[in-house]
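1. Quick one, fold the following:
(2 chains)
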Protein chains: 2
Amino acid sequence: MTDTVKYTLSESDLPTHWYNLAADLPQPLPPVLHPGTKQPVGPEDLAPLFPMALIQQEVSTEREIEIPRPVRDIYRQWRPTPLYRARRLEQALGTPAKIFYKYEGVSPAGSHKPNTAVAQAFFNKEAGIRRIATETGAGQWGSALALSGALFGLDIDVYMVKVSYQQKPYRRALMEAYGARCVPSPSAETASGRAVLAQYPDSRGSLGIAISEAVEIAAGRPDTNYALGSVLNHVLLHQTVIGLECQRQMQLADAWPDVLVGCTGGGSNFAGMVFPFLGDQLRTRRSMRIVAVEPAACPTLTRGRYAYDFGDTAHLTPLVKMHTLGSTFVPPGFHAGGLRYHGMAPMISHLLNLGLMDAVAYTQNDVFSAGVQFARAEGILPAPEANHAVKGAIEEAVRCREEGVARTILFNLCGHGHFDMQAYMDYFAGKLEDRTYDEAELAMALAGLPAVA
Amino acid sequence: MTDTVKYTLSESDLPTHWYNLAADLPQPLPPVLHPGTKQPVGPEDLAPLFPMALIQQEVSTEREIEIPRPVRDIYRQWRPTPLYRARRLEQALGTPAKIFYKYEGVSPAGSHKPNTAVAQAFFNKEAGIRRIATETGAGQWGSALALSGALFGLDIDVYMVKVSYQQKPYRRALMEAYGARCVPSPSAETASGRAVLAQYPDSRGSLGIAISEAVEIAAGRPDTNYALGSVLNHVLLHQTVIGLECQRQMQLADAWPDVLVGCTGGGSNFAGMVFPFLGDQLRTRRSMRIVAVEPAACPTLTRGRYAYDFGDTAHLTPLVKMHTLGSTFVPPGFHAGGLRYHGMAPMISHLLNLGLMDAVAYTQNDVFSAGVQFARAEGILPAPEANHAVKGAIEEAVRCREEGVARTILFNLCGHGHFDMQAYMDYFAGKLEDRTYDEAELAMALAGLPAVA
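-> Now for the predicted structure:
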């Protein structure tokens, strides 16, 4: 039997700095605009929501930003995470490719999300904040922030998309076990929520609405800030510990990726793995294929428009230039709640626009089939979101077989699927529908994009 | 903030041999008896169920038994597992005690069970077996064997207690994701199952019935063997990688346990951590307190009788001397499915009988309260079974505070609770009942113990 090989780092190999891709971008990011004036926002515009340390990270062009010692001390509980060579999967596929994967499911919350949740909790605590309001869809982000709130003694209020609140009580129970308060969104606690409920009393909620509620609460209370689990530059920055560790582990394996694959919802796990490698590529002109994998039902990068848009439904956020399906777009139901956002991280959108990466979209039965093949070969059952990365990596490996080329493929397995067994049950029962999206609805959502000169 | 400290071993520190406590026992284990002749069984009696390598391990008195390289190669995927110093929990308790815990939840199945499942699958594969039949209660064992079957290319048939099959579809889905076949027990596939169904058509099943079904299938088919997830000597042996790693990690921490705590159902995770330390104690006369923690609803060690009994309901197994509540005892419902067995590992029963360890029992609300306190301090949400060990460790630490003594406490956190969120929801909703057991029913079950001269 051919076995999985693990590349382990010692605690002393834990990165001391996050890597900031902004330092190596060939063109700077388009500015974030104030929704009223359409002029670039300044730090003071963001101060009601975020501590100054995070606002500085959001706009920094320093290449390395130090990870505070208390954050590293918590990272150390599960980091460095393992890198594996998937030799059993390679054998099952009959591919000459070498497939490596980084596994972030060993964190206490079971995903990569604590990498930024812990950091955000730390900087807020340092700034004297007592409470953080946030939103969550499937619950990965909410449970990671709930965990971090417990560790730093912060109150956490999670506005959870109502349909997930009802359908995923176990994720909610995890947040409550960590001491967080979960509120089904839209709620009567905010003007944004009440406005939605007045028009649609039976609203099942959306990530855009939940963001509006959390932002509204944070903006209105001096002791309360807001936290986002993806999309923003500082969130992507915190996730770069993933890729920085991968670089050292690939050196241990005496290999280097020709192809990098990750799944994208808001973009944070993808950026976390890819950015350190991309920075290296930009500085050394090394050739590398970078592939984002997204669900065909919410195809932000492959079918969205690169334009200024709001991050939320109630239009309380600044305008950011990103690939977007329009802030009113609601994807059909599918089993990867972490990949349902209408927009995409501005930094990833910028990279796609510059031609520095590719994006592909798959429907969910193909994605789950890949995940089950992976589980039977490698023993780890991936989260539905991570199955998209698995599918992308398998496609690349199959192409290697067809072309007779032995490329090195690296993908990010961003979380385990132990909270997502209903999705696997539905898959095995043949109940997953391969719906994509409604063309007319997408056209309408795109037509509603804000006008920016 | 005081932080958790992790003690990490490198892959080269992975034990090469399991530790066999039989080599150091002050008195040998009572023999296993044939249920018909009441005479000690020989290897040939067990050959229809187990490969000879495991039968030899079952009766060996060699101190060290080599872990085959292919088993170590798979262990390496998640082993060595981390040992933590629970400094945040110590602080929350205000105790002078040092609390350490070993964390087995990083395995792909989320518990310690793969330590033996992988080994059993390997030895069966080596013996030319094509299929393994087993039982599972809550599903931790069944999913670990399903994982191992996928890795070694063995068919796995899991007879799952019917009430768990119905109430825990997610554990079943995990087994099916690994390619195993799950059968609700009692089933119509076996004579044992049909006999139960004839008498009790609505039977919800029990671990004893499911064992009967799996044993019957294995005994009747030459290509099929049986596997048990706890209780037997060779199962406990395989788990000693836990304690062997702990010993090296405690040395790294420059500490040594005064108190060892583990939860007991069949006894395997407890034995895995405790036996290497106990062997050291027996050889060096070092003083150490060893505490098994069990549920008050299934109090095998604290209320059972030390007597010869069957391992299953249909009385197909040999007779073993153990602490038992009687093979017809059915505990009331409670949320730690892994701790519902009527018996206990003969080796642990022997140790309790020799006065080499203690046992305590707690009701479930106290146990979940301890688990939630642990999760908020340490970030990891334990499985309900593991909450018993947490409760035991906290009680020891509180006693240290009261006595003003700074003992070193080590406990085994045998799995994460990500599959057990319904139990946490019921706990938070105040729905957990602190039932113990029916005295009359226990008396009747004990009265039915087989007569052995």
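
2. Return the residues in contact with the residue of the stretch 51-200 of chain A found nearest chain B.
-> In the stretch 51-200 of chain A, the residue that lies nearest chain B is residue A:170 (3.5 Å; Cβ to the nearest Cβ). For the C-beta atoms, the positions are set from N, CA and C on the backbone; glycine is no exception. Contacts for residue A:170 were tallied using Cβ atoms under 8 Å, 6 or more residues apart in numbering or on different chains; they are A:419, B:421-422, B:425.

3. Just the buried ones out of those residues, please.
-> Buried by 16 or more other Cβ atoms under 10 Å in any protein chain shown: A:419, B:421, B:425, out of the contacts of residue A:170.

4. Give me the spatial nearest neighbour of whichever residue of the stretch 351-453 of chain A sits closest to chain B, chain neighbours excluded.
-> The nearest approach of the stretch 351-453 of chain A to chain B comes at residue A:421, 3.5 Å away (Cβ to the nearest Cβ). Excluding the flanking residues, the one nearest residue A:421 by Cβ to Cβ, 6 or more residues apart in numbering or on different chains is residue B:170, at 3.5 Å.

5. Distance from the helix or strand containing the one you found to the middle of the chain?
-> Element membership of residue B:170, judged by DSSP states H and E, is helix B:169-177. Centroid separation between helix B:169-177 and its chain, computed with Cα atoms, centre = their mean, to the nearest Å, is 20 Å.

6. And the helix or strand following that helix, what's buried?
-> Using DSSP H and E, the helix or strand that follows helix B:169-177 in sequence is strand B:181-185. Neighbour counts using 16+ other Cβ under 10 Å place B:182-185 of strand B:181-185 among the buried residues.

7. what comes into contact with the helix or strand following strand B:181-185?
-> Per DSSP H and E, the first helix or strand lying C-terminal to strand B:181-185 is helix B:191-199. Residues outside helix B:191-199 that contact it (Cβ under 8 Å, 6+ apart) are B:159, B:185-188, B:203, B:209, B:212-213, B:216, B:313-314, B:316.

8. pretty sure residue A:132 is in contact with residue A:225, am I right?
-> Yes - counting by Cβ atoms under 8 Å, residue A:225 is a contact partner of residue A:132 at 5.5 Å.

9. what sits in contact with each of those two?
-> Residues touching both residue A:132 and residue A:225 comprise A:124, A:218, with contact defined as Cβ under 8 Å, 6+ apart.

10. Show the residue spans covered by the helices in the stretch 151-300 of chain A.
-> Counting by DSSP state H, counting those that start in this stretch, the stretch 151-300 of chain A has helices at residues A:162-167, A:169-177, A:191-199, A:207-220, A:233-239, A:241-252, A:268-284, A:300-303.

11. list the contacts for residue A:245?
-> A:9, A:13-15, A:79-81, A:83, A:102 are the contacts of residue A:245 under Cβ under 8 Å, 6+ apart.

12. Could you pick out the buried ones from these?
-> Buried subset of the contacts of residue A:245 (neighbour count, 16+ other Cβ under 10 Å): A:9, A:14-15, A:79-81, A:83, A:102.

13. need those residues in a markdown table with secondary structure, can you?
-> Shown next, in a markdown table, are those (DSSP: H, G, I helix; E, B strand; the rest coil):
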| residue | secondary structure |
| --- | --- |
| A:9 | coil |
| A:14 | coil |
| A:15 | coil |
| A:79 | coil |
| A:80 | coil |
| A:81 | coil |
| A:83 | strand |
| A:102 | strand |
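
14. pLDDT-wise, what's the bottom of the residues you listed?
-> Across the buried ones among the contacts of residue A:245, the smallest pLDDT goes to residue A:9, namely 91.

15. Please tell me how far that one sits from residue A:246.
-> To residue A:246, residue A:9 is 10 Å away according to Cβ to Cβ, to the nearest Å.

16. where are the low-confidence patches of the stretch 301-450 of chain A?
-> Within the stretch 301-450 of chain A, no range satisfies pLDDT under 70.

17. which residue packs closest to the most centrally placed residue in chain A, ignoring adjacent ones?
-> Geometric centre of chain A, nearest residue: residue A:268, 3.5 Å, by Cα atoms, centre = their mean. Leaving aside its sequence neighbours, residue A:268 sits nearest to residue A:230 (Cβ to Cβ, 6+ apart; 4.1 Å).

18. Now do the one you found: how many residues are near it, please.
-> Residue A:230 sits with 23 neighbouring residues when counted by other Cβ atoms under 10 Å in any protein chain shown.

19. unless I'm mixing things up, it is touching residue A:264, no?
-> No - with contact defined as Cβ under 8 Å, residue A:230 does not reach residue A:264; the gap is 9.2 Å.
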